[in-house]
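> sequence and computational prediction follow.
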Amino acid sequence: MKTILITGGAGFIGSHVVRLFVNKYPDYKIVNLDKLTYAGNLANLKDVEKKPNYEFIKGDIVDSEFILKCFEEKKFDGVIHLAAESHVDRSISNPIEFVNTNVIGTVNLLNAARYLWKDPVDKRFYHISTDEVYGSLGEEGIFTEDTRYDPHSPYSASKASSDHFVRAYQDTYNLPIVISNCSNNYGSYQFPEKLIPLFIHNIKNRKPLPVYGKGENVRDWLWVDDHAAAIDVIFHRGKSGETYNIGGFNEWKNIDLIRLICRVMDSRLGRPAGESEKLITYVKDRAGHDLRYAIDASKIKNELGWKPSLQFEEGIEKTIDWYLENEEWLNNVTSGDYKKYYEEQYIKR
Ligand code: NAD
Ligand code: DAU
């Protein structure tokens, strides 16, 4: 039986990865290590928490001694590292938290793997990263695995730094690593500070929809379960030392995406057409706001046979339905201990 450490498994993408691995690989022991920050919630994993091949450990990757002890005790065969501070706006107001978790936390995990994996054959350290490390595109162009790093936000700078450390540990200590850089994910269990769940929540509650700048920034959107499937493929079949870009081949200007969400929400809530769009409020732009991200995901497609499965319009409808049907989850993560964070996020504007 292999024991796989998944960090950040109580977060948005992590919870989908944990669910996939626990259900698909009954012969693996899946250990989910998560600090349960405002973004991590065990309610995201209710359906797998009693499975015999699943274990949860509450802990902080910044605590190097604790991480080393975990590696000694659990004897991990592989690591899928997702734990991170992930929200760009928060990185602008509190960069140091991003350095601690995203850089120091990653180096602590690398060190533990380096010390404990004396014979790294059949071991794998898989680091989950973002397309934001490549910086911003103009109207033309696309990020490939060879695009030069050019991060602009404290978040993307911290992720770029962690990517460099991961590669340095391969070059210096022969650690068997693999990295993927993915575009914007959407789907269930995403904390409602990110664009899509925030706007669904606000439309439902007839609150303003704060569009940064003119809403002309472009993002490439990928269904979160398609990202989890790509992570499965790369973890098992990706070449050691390689980087894979993951994307949805699905670029949207923010304002067009927001109008689509408004239309679907009007129809789902039985409101007159055009009602939700009246909530659109143009606000001050995000500092250093990257204009456009676009991912060339042809390497993973050609070499590993992965491609996105879900059409975006269908995915958006499924996502909206999920948030409308899971009000209790939404109330849970935006109340109590979480409320403070949610309000900070909202009031800041
Ligand atoms: P998230 O914010 O939803 O979840 C992060 C998880 O990490 C939470 O469960 C949190 O409790 C945990 N965590 C934070 N600090 C920790 C610490 N010090 N120790 C242990 N656990 C800690 O993030 P997400 O959107 O699911 O992103 C997961 C990973 O994927 C991140 O590394 C992110 O950079 C990357 N990524 C995200 C996207 C996206 O669109 N969301 C796209 C590409 C890459
Ligand atoms: O590209 C991958 C990245 O996607 C991940 O690495 C990050 O972890 C993830 O948070 C996401 O970053 P973005 O900054 O692109 O996502 P966010 O949902 O915050 O914003 C999407 C776009 O919408 C962006 O152009 C900013 C804009 N926006 C966002 C919010 C929250 C608004 O106009 N208004 C808002 O209130």
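The structure has been received and is ready for your questions. Ligands and ions are numbered 1, 2, ... in the order given.

> just the CA coordinates of the strand or helix carrying Asp266, formatted as CSV?
Take DSSP states H and E as the rule and Asp266 turns out to sit in helix 254-269. What follows is helix 254-269 as a C-alpha-only set of coordinates in CSV (Å, rounded to 0.1, in the frame of the first residue of the first chain):
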residue,chain,number,x,y,z
ASN,A,254,-14.3,39.1,-17.1
ILE,A,255,-17.2,41.2,-18.1
ASP,A,256,-18.5,38.7,-20.5
LEU,A,257,-18.2,35.9,-17.9
ILE,A,258,-20.0,38.1,-15.4
ARG,A,259,-22.8,38.8,-17.8
LEU,A,260,-23.1,35.0,-18.4
ILE,A,261,-23.4,34.4,-14.7
CYS,A,262,-26.0,37.2,-14.4
ARG,A,263,-28.1,35.6,-17.2
VAL,A,264,-28.0,32.1,-15.7
MET,A,265,-28.8,33.5,-12.2
ASP,A,266,-31.8,35.5,-13.5
SER,A,267,-33.2,32.4,-15.0
ARG,A,268,-32.4,30.1,-12.0
LEU,A,269,-33.8,32.6,-9.4
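
> buried set for that helix?
Neighbour counts over helix 254-269 (16 or more other CB atoms under 10 Å) mark 254-255, 257-258, 260-262, 264-266, 268 as buried. The way it works is simple: take the backbone N, C-alpha and C, and place the C-beta from them, glycine included.

> check whether it comes near ligand 1.
No - Helix 254-269 does not reach ligand 1 (CB under 6 Å from any ligand atom); its nearest approach is 13.7 Å.

> mind checking how far Glu275 is from Met265?
Computed as CB to CB, to the nearest Å, the Glu275 to Met265 distance reads 9 Å.

> now swap in Gly141 and tell me
Separation of Gly141 from Met265 (CB to CB) stands at 33 Å.

> repeat for Arg90
Counting by CB to CB - Arg90 and Met265 are separated by 26 Å.

> Ser156 in helix, strand or coil?
Assigned with DSSP: H, G, I helix; E, B strand; the rest coil, Ser156 falls in the helix class.

> distance of it from Gly315?
Using CB to CB, Ser156 is found at 25 Å from Gly315.

> go on, Tyr149?
Distance from Tyr149 to Gly315, by CB to CB: 29 Å.

> who has more neighbours out of these two?
Neighbours were counted for Tyr149 and for Gly315 using other CB atoms under 10 Å; Gly315 has more, 22 against 15.

> in what helix or strand does that one lie?
Remark: Gly315 resides in helix 312-325, with elements defined by DSSP H and E.

> same question for Ala228.
Assigned by DSSP H and E, Ala228 belongs to helix 224-237.

> average pLDDT for that helix?
The pLDDT scores in helix 224-237 average 98.

> who are the packing partners of that helix?
Packing contacts for helix 224-237, counted by 3 or more CB pairs under 8 Å, 6 or more residues apart in numbering; DSSP states H and E, involve helix 12-24, strand 78-81, strand 124-130, strand 177-182, strand 184-186, strand 243-246, helix 298-304.

> just send these back as a markdown table, with mean pLDDT and distance to Gly215 too.
Below are the helices and strands packed on helix 224-237 laid out as a markdown table (pLDDT from 0 to 100; distance: least, CB to CB, whole Å):
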| stretch | mean pLDDT | distance to Gly215 |
| --- | --- | --- |
| helix 12-24 | 98 | 23 |
| strand 78-81 | 98 | 33 |
| strand 124-130 | 98 | 22 |
| strand 177-182 | 98 | 23 |
| strand 184-186 | 98 | 15 |
| strand 243-246 | 98 | 25 |
| helix 298-304 | 98 | 29 |
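
> which one of those lies closest to ligand 2?
When the helices and strands packed on helix 224-237 are compared by CB to the nearest ligand atom, strand 124-130 sits nearest ligand 2, at 3.1 Å.

> hey, C-alpha coordinates of the closest one in CSV?
The C-alpha trace of strand 124-130 is given here as CSV (Å, rounded to 0.1, in the frame of the first residue of the first chain):
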residue,chain,number,x,y,z
ARG,A,124,7.6,11.6,-6.3
PHE,A,125,7.2,15.2,-5.1
TYR,A,126,4.5,16.8,-7.2
HIS,A,127,4.2,20.6,-6.8
ILE,A,128,0.9,22.3,-7.9
SER,A,129,1.5,25.7,-9.3
THR,A,130,-0.2,28.4,-11.3
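
> that strand pairs with which strands, parallel or anti?
strand 78-81 (parallel), strand 177-182 (parallel) (DSSP bridges).

> quick one, what contacts the closest residue to ligand 1 within the stretch 201-349 of the chain?
Nearest residue of the stretch 201-349 of the chain to ligand 1: His227, at 7.3 Å (CB to the nearest ligand atom). With contact set as CB atoms under 8 Å, 6 or more residues apart in numbering, His227 has these partners: 13, 16, 182, 185, 246.

> swap in Tyr54?
Contacts of Tyr54 (CB under 8 Å, 6+ apart): 18, 22, 30, 32, 48.

> report the entries of these that also contact ligand 1.
Okay, of the contacts of Tyr54, nothing touches ligand 1 (CB under 6 Å from any ligand atom).
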